[in-house]
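Peer 1: Structure for this input, please:
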Amino acid sequence: MTRVADLPPVLLGLVVLVLAQLAGLSLAALLDIPVPGVVLGLVLLLVLGLLRPTAVVARLAEPGGAPLLKHLQLLFVPPGVGVIVELQTIAEEAPAIALAVGGSFVLALIAVGHVLQALLRWGDRRRAAAGGGSPTAGGPAPSAEPGTEGA
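Peer 2: Below is the predicted model of the structure:
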């Protein structure tokens, strides 16, 4: 078994996932950025999957990820234990945590709303330029007589 193709698909997938994690950890250590290396590894794997010449790498990782996703609920046990262990600290910092969670929720909601409005305007302009459909999707249909809207 000297060839990579001779490895079982699940083992090869796990090797790809571990290599992506190692690359992300190395990148985080080299660049000294405050992003977890595991997250960088997953982003790297995503980028490799999106690029056509390297998409095969992401496809190789899929058989290794399927068993992990099947038992995903077990991966939540360590963070749950950490929350229970640090319950006193969480209780002491509850106002700051609530402010951070609530504030980030509101900011994300505003950002998504603006992006949605921009995309809807862009789609309306595209449809109007193409000459098909009304410029306001889902709006009232134009009436035959002026002044009879909503009647």
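Peer 1: Name the residues of the least confident helix or strand in the chain by mean pLDDT that are buried.
Peer 2: None of the helices or strands of the chain scores lower by mean pLDDT, DSSP states H and E than helix 55-70, at a mean of 86. Residues of helix 55-70 classed as buried by neighbour count (16 or more other C-beta atoms under 10 Å): 57-58, 60-61, 63-65. Yep, even glycine has a C-beta here, placed from its N, CA and C like the rest.
Peer 1: Give me the next element, helix or strand, following it.
Peer 2: Using DSSP states H and E, the helix or strand that follows helix 55-70 towards the C-terminus is helix 77-85.
Peer 1: Just the residues contacting the next helix or strand after that following helix, thanks.
Peer 2: Using DSSP H and E, the next helix or strand after helix 77-85 towards the C-terminus is helix 87-92. Contacts to helix 87-92, defined as C-beta atoms under 8 Å, 6 or more residues apart in numbering, come from residues 83, 97.
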